[in-house]
Each structure stands twice: as C-alpha cells, then as structure tokens.
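Asker: no sequence on hand, only this structure:
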C-alpha cells in the first residue's frame, strides 16, 4: 500500500455521532450549493457548486459542441444512501 493510504485510513472522515452530520459530497462550506433529492429513498443533500461544475465541464468537453450550442443540464448523481438517482431540486437553473 501507498504510505498516504495508511495515513488516510487512520482518519475517520465520516465518524457520525448522534449530533453530527456527514457530508458525503464535501466538507461544510459557505460556497453556493444545489439541493439534490434521491428519487428512490427521498434522501436530500446540498451538493457544492464546484462538484456540479466539474460534471457540467466534463459533459461540455465530451459533447464536442461549441460553447454557444452547448445546453447545460444539471447532472444526475448517485445517492450515497441507496445508490438511486439523485436529481437537482433547483428549478431556476
């Protein structure tokens, strides 16, 4: 194993107590987020904008379109609770 993996294993990133909340898509931040909801189990999560931007950028480069003809669509993510489809609840974007 790589040394950094051993160090990471010592960390307990999702150590959840009764009063704590896990952040599956990143750390708690003041950055703009998008509200996502699972179509299967109803789980809701705020996903940081930088994560959504990465998916949109990947879609743009994979599309082969120029910027004027590219249609931005909110990505569908995978629910961390049930592996269902996590879709954006934001209707203004």
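Answerer: Yep, it's here. Not measured: the values here are computed from a predicted model. Numbers count the residues shown, from 1 in each chain.

Asker: residue 87 and residue 58, how far apart?
Answerer: Note on residue 87: its distance to residue 58, by C-beta to C-beta, to the nearest Å, is 18 Å. Bear in mind the C-beta positions are built from the backbone N, C-alpha and C, glycine included.

Asker: and the two? which has more neighbours close in?
Answerer: residue 87 (15 against 11; other C-beta atoms under 10 Å).

Asker: list the contacts for the more buried one?
Answerer: By C-beta atoms under 8 Å, 6 or more residues apart in numbering, residue 87 lies in contact with 36-39, 74, 76-77.

Asker: under the pLDDT cut-off, which ranges of this protein? List them.
Answerer: For the chain, applying pLDDT under 70 flags the ranges 1-30, 91-93.

Asker: sorry, back to before: so which of the contacts of residue 87 is the most crowded?
Answerer: Of those, with other C-beta under 10 Å as the count, residue 36 tops at 23 neighbours.

Asker: just flag the most distant two among the contacts of residue 87.
Answerer: The largest separation in those, counting by C-beta to C-beta, is between 38 and 74 at 14.4 Å.

Asker: max-length helix in this protein?
Answerer: helix 49-63 (DSSP state H).

Asker: ok, residues contacting that helix?
Answerer: Contacts with helix 49-63, where a contact means C-beta under 8 Å, 6+ apart, come from 25-26, 31-34, 67, 70, 72-75, 77.
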